[in-house]
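Chemist: let me see the structure of the following:
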Amino acid sequence: MRIRQLGDPILRTISDAVEANSISDDKHQQIINKMKTVLDGIKAISHENGNAISAPQVGVAKRIVLLRLNDEFVPMINPEFIEKSDQMFEFEEECFSFYSLRGVVSRHQKVIVRYLDETGQQQQMELEGEESGLVQHEIDHLDGVFFADRVEQSQTLRTVDYDLREKPERLNQVREMIHYMVGVE
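Modeler: Down below sits the predicted model:
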């Protein structure tokens, strides 16, 4: 499986921190490269998807997330929030690990994340809006939390088949994407 699916115990595991002096090791670089390859595969099927993933989703319980911001990959190793805004926004989410389900989650409008980059240098980034929601979603994965755990109003949960019932071309594209995600590497 390219992306681990709901029910796989690794997705409910609290991921281990990566030691700063081991970030440049082949093992960690291979994890990041695998994450990039998976996101590129998803993006090739659907230009609006393939923007964020966590290491547990590719079978590795390490504190690594990968975002695609402005068409550039941003690996975040050992990410942590150093600030979260009080202002919240409603963010419709879906997850590669159970893509057929969508729901609305309340997320912080703005966050500041401290992390190590892929060379081991400490970085800090402020993210707002959808990008803020994406990084919160991915960091949740590092703690074994799914967006569905954060849905406050269960009536916002819907299947992709329901949402796209009148858009058969997009539904077929999503089904192709799901097939890719659960396919063999």
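Chemist: grab the longest strand from this structure for me.
Modeler: Scanning the chain for the longest strand, with DSSP state E as the assignment, gives strand 72-84.
Chemist: mind checking the SS state of Gln124?
Modeler: The three-state label given to Gln124 by DSSP: H, G, I helix; E, B strand; the rest coil is strand.
Chemist: that one: neighbouring residues, count only.
Modeler: Taking other CB atoms under 10 Å as the neighbour definition, Gln124 ends up with a count of 10. Just so you know, the C-beta spots here come from the backbone N, C-alpha and C atoms, and that holds for glycine as well.
Chemist: likewise for Leu157?
Modeler: 13.
Chemist: excluding chain neighbours, what is closest to it?
Modeler: Nearest residue to Leu157 in three dimensions, chain neighbours excluded: Gly103, at 4.3 Å (CB to CB, 6 or more residues apart in numbering).
Chemist: got the phi and psi for the residue nearest to Ser132 when sequence neighbours are not counted?
Modeler: The shortest distance from Ser132 to any residue that is not its chain neighbour, by CB to CB, 6+ apart, is 4.9 Å, and that residue is Val111. For Val111, the backbone dihedrals are phi -140, psi 150 (criterion: degrees, to the nearest 10).
Chemist: show the pLDDT at Val111.
Modeler: What the model reports as pLDDT for Val111 is 98.
Chemist: for it, give me its contacts.
Modeler: When the contact criterion is CB atoms under 8 Å, 6 or more residues apart in numbering, the partners of Val111 are Phe81, Glu83, Lys84, Ser85, Glu126, Leu127, Ser132, Val135, Gln136.
Chemist: list only buried entries from those residues.
Modeler: Burial by neighbour count, judged by 16 or more other CB atoms under 10 Å, picks out Lys84, Leu127, Ser132, Val135, Gln136 from the contacts of Val111.
Chemist: quick one on the thing from earlier: hey, what's the residue nearest to Leu157 bridged with?
Modeler: On DSSP bridges, the residues paired with Gly103 through beta bridges are Glu93.
Chemist: quick one: it and Asp26, what's the gap?
Modeler: Relative to Asp26, Gly103 is positioned 38 Å away (criterion: CB to CB, to the nearest Å).
Chemist: more crowded one of these two?
Modeler: For Gly103 against Asp26, the residue with the higher neighbour count under other CB under 10 Å is Gly103, and the figures read 21 against 8.
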